[in-house]
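Colleague: Quick one: sequence plus predicted model below, questions after.
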Protein chains: 2
Amino acid sequence: MITNQHFGEIPPSYLFSEVAERVRTFSAANPGAEVLRLGIGDVTRPLAPAVIEALHRAVDEQAVASSFQGYGPEAGYAFLREAIAAGEYAAIGVDVAADEIFVGDGSKQDSANVQELFADTARVAVTDPVYPVYVDSNAMAGRLGTFDGERWTKLSYLPCDDMNGYRPALPATPVELIYLCSPNNPTGTVMSRSDLEGWVSYARETGAVILYDVAYRAFITGDDVPRSIYEIPGANEVAIELGSFSKTAGFTGLRCSWAVVPHALQRDGVSLNAMWLRRQSTKFNGTPYIVQRAAEAVYSPEGRAQVQADIDYYLANARLIRETLERAGVAAVGGEHSPYVWFRCPGGMDSWEFFDVLLERAQLVGTPGVGFGPTGAGHFRLSAFNTAEATHEAAQRLARLLPELV
Amino acid sequence: MITNQHFGEIPPSYLFSEVAERVRTFSAANPGAEVLRLGIGDVTRPLAPAVIEALHRAVDEQAVASSFQGYGPEAGYAFLREAIAAGEYAAIGVDVAADEIFVGDGSKQDSANVQELFADTARVAVTDPVYPVYVDSNAMAGRLGTFDGERWTKLSYLPCDDMNGYRPALPATPVELIYLCSPNNPTGTVMSRSDLEGWVSYARETGAVILYDVAYRAFITGDDVPRSIYEIPGANEVAIELGSFSKTAGFTGLRCSWAVVPHALQRDGVSLNAMWLRRQSTKFNGTPYIVQRAAEAVYSPEGRAQVQADIDYYLANARLIRETLERAGVAAVGGEHSPYVWFRCPGGMDSWEFFDVLLERAQLVGTPGVGFGPTGAGHFRLSAFNTAEATHEAAQRLARLLPELV
């Protein structure tokens, strides 16, 4: 066998293609129906004016030999590493050095690649439901055993649902690598300071490394919810943190992210910062210069205000969705510090049953929770990434339909 | 051990940092010296006007909700896949379908990631000297055994030097994965049609897969040298081809590449096209929309002409360097279909000795060949990526110095 056998063990991901197929079938049979989409996790607001201006300026620099930028530093330009250190960390009283920050071209890539730093035998834990990239990237590397139709035999699943208030328990068996995400995709829930203290102390005791994904941190409001794991003392010895401009500033099509790998994070006598630098220098050639200038503009006074207005816009949509569900007697989480709202399907329906009912009777598209892991079964995700007008219309349809289902 | 042990086995790459350090030391000691750099492999000409215009247009699309592009298809937008199929393949009479082309964000990434499709036990062959990414990415994956100070114990090295006319012999022991690069980095040599026919037929007989890197194909002049491995009948059953806009169109800071994975390429009953699609869908989120529009512009009539003018500019530099060497009695290869010129150091010097002589006596910076593998020892690379003026000045200095060394 010359191919990677683990690829064949990964079940095909039918989630979004199956969603698209069912919507296509419905629309073909009902050509007049106005289908509204609350399913996707992609932004819809255009790039902020400050970002657009920075892009045009950087493009013009690339047109002239004296300011042309070829290969940049694989870890990112100093101007952006320093802007992130100041804007994301110093701003919340957390000390992260610029050379602990690595600019990437997307949190998907960073979160998929970070497992390369670990041994083939490292044991992995994920919360359940979960962003599928954490699981699939480890499966491809052969770390998860075999898939039994519902679960990977060597993966520790940490269930999160209303039975435990969406607070995952510590792993029952030892693990070396723990993926946490707050605000969470797909549930929209957040980890409190005391939750995080528990995880940091568990990792300090056991030597596990935490991969902490804060792709949605810009949606956190108020001061009670931690925006970074490094707000917890000692976290810099146990955690890598992954951040993104995708949801913060609408960069899903522009691609820019960052990874924090603290100098204090050492395992087996090796610096993980040095390992990640080596990994990126060997296998990555840097995020485009013009994109890094665009990301820098997010931290200008105008950029901050414009980006915040977009976040507020999505948060208003999310709040409306959650309140509509709750008024109809459907308990929901998320939607406060997150663009996602998550709930048990009403009437005990399974995820795909509810998907069909919602599509056929209200012409609304959401995402079946079972696509995010076994504990997602019987759950559903709605997202705030649509216009305010479409979200209001969707809320009215939900308000009419739900009472018949609950 | 929870970390990837193979990282620790890879020797630190001192090549370019050592070059930079020696130049720094020299310049500090000789503040008046005008040091000219012919070492780097990075372009120096700014982006072509057609590319700049396409970037500005695409940026403006991102400023408006109705034309805003978020997540794109992981394999690339159809407009660019089709432009590459037409401009790079149909144009030379080769049939490659758009869905066999995957848009990436750099050949470095593509060539580092492609090994993920293969088993841990796959045996690897590289030409020597070689682009270090092929070696290091396989070393990180644990496929190469241990490094004995000069060689990896499980890697097949295929030496290329003036003893065999820079034509690598077929591997002496069976291998599953063969990296070939033409026009070659670092030697600047090319594979002829009959060379390629030999490799394709070897792969067809043994089941090996060829990774064929054509990052420098835009430098090929005339019709005798193959621009794609798919010019050889049957190659679509044995080869993946990697192309890049970096050297073709100065995209080193913009980041865009392509990989061709033919549907006919199957191993172990599995389609490698399907595997690569799965790999990219899981671990990559697409090249930025604005960059894909920029790459598309390379195939417009204006884009083609502008980009060709830059290639011609670099080729004139390369020719001058090679002719200068040869006139001084130093046999050189490359510089005809390539921006690189490669030669044995005059007077039997080793690579770093010659580096120091060139720097101290002519204030010229090149790249020591030993940095590219054991057969690179005693060799040297000069590159055409500088201005015509600087290259002329460098040629004059070389012409003065070399007769004293030969």
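Modeller: Alright, I've got the coordinates.

Colleague: what mean pLDDT would you report for whichever strand or helix holds residue A:133?
Modeller: Following DSSP states H and E, one finds residue A:133 within helix A:132-140. Confidence over helix A:132-140, taken as the mean pLDDT, stands at 96.

Colleague: what packs against it?
Modeller: With contacts defined as 3 or more Cβ pairs under 8 Å, 6 or more residues apart in numbering or on different chains; DSSP states H and E, the secondary structure elements packing on helix A:132-140 are helix A:5-9, helix A:107-113, strand A:124-128, helix B:272-283. Every C-beta, even on glycine, is put in place using the N, C-alpha and C of the backbone.

Colleague: Any residue of the lengthiest helix in chain A touching chain B?
Modeller: Under DSSP state H, the helix in chain A containing the largest number of residues is helix A:301-327. No - judged by Cβ under 8 Å from any Cβ of the partner chain, helix A:301-327 stays clear of chain B, getting no closer than 11.0 Å.

Colleague: can you list contacts of the helix or strand that comes right after the helix holding residue A:133?
Modeller: On the C-terminal side of helix A:132-140, the nearest following helix or strand under DSSP H and E is strand A:155-159. Residues from elsewhere that reach strand A:155-159 (Cβ atoms under 8 Å, 6 or more residues apart in numbering or on different chains): A:123-128, A:135, A:138, A:144-145, A:151, A:168-169, A:171-173, A:175, A:373-375.

Colleague: Mark which of the residues you listed are buried, thanks.
Modeller: Buried members of the contacts of strand A:155-159, counted by 16 or more other Cβ atoms under 10 Å in any protein chain shown: A:123-128, A:135, A:138, A:144, A:168, A:171, A:175, A:373, A:375.

Colleague: Compute the inter-axis angle for the helix holding residue A:133 and strand A:155-159.
Modeller: With axes from the mean of the first three to the mean of the last three Cα atoms, to 10 degrees applied, the angle from helix A:132-140 to strand A:155-159 works out at 160 degrees.

Colleague: quick revisit: which helices and strands sit right next to the next helix or strand after the longest helix of chain A?
Modeller: In the C-terminal direction, the helix or strand that comes right after helix A:301-327 (DSSP H and E) is strand A:332-334. Counting contacts by 3+ Cβ pairs under 8 Å, 6+ apart, strand A:332-334 packs against helix A:301-327, strand A:340-344.

Colleague: So what's the gap between stretch A:316-336 and the chain middle?
Modeller: In this view, stretch A:316-336 has its centroid 20 Å away from the chain centroid, taken as Cα atoms, centre = their mean, to the nearest Å.

Colleague: re earlier: same list, the helices and strands packed on strand A:332-334, but as TSV with mean pLDDT please.
Modeller: Formatted as TSV, the helices and strands packed on strand A:332-334 follow (pLDDT from 0 to 100):
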stretch	mean pLDDT
helix A:301-327	98
strand A:340-344	98
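
Colleague: Make TSV out of the ones you listed and add mean neighbour count.
Modeller: Output for the helices and strands packed on strand A:332-334, formatted as TSV (neighbours: other Cβ atoms under 10 Å in any protein chain shown):
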stretch	mean neighbour count
helix A:301-327	18
strand A:340-344	27
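
Colleague: Distance to residue A:184 for these - can I get that in CSV?
Modeller: Shown next, in CSV, are these (distance: least, Cβ to Cβ, whole Å):
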stretch, distance to residue A:184
helix A:301-327, 13
strand A:340-344, 8
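
Colleague: now for these, which one comes closest to residue B:20?
Modeller: Each of the helices and strands packed on strand A:332-334 has some distance to residue B:20 by Cβ to Cβ; the shortest is helix A:301-327, at 34.0 Å.

Colleague: Now do that closest one: which elements does it pack against?
Modeller: Judged by 3+ Cβ pairs under 8 Å, 6+ apart, helix A:301-327 is in contact with helix A:49-61, helix A:246-249, strand A:332-334, strand A:340-344, helix A:388-405.

Colleague: one more time with 7 Å
Modeller: Packed against helix A:301-327, as judged by 3 or more Cβ pairs under 7 Å, 6 or more residues apart in numbering or on different chains; DSSP states H and E, are the following elements: helix A:49-61, strand A:332-334, strand A:340-344, helix A:388-405.
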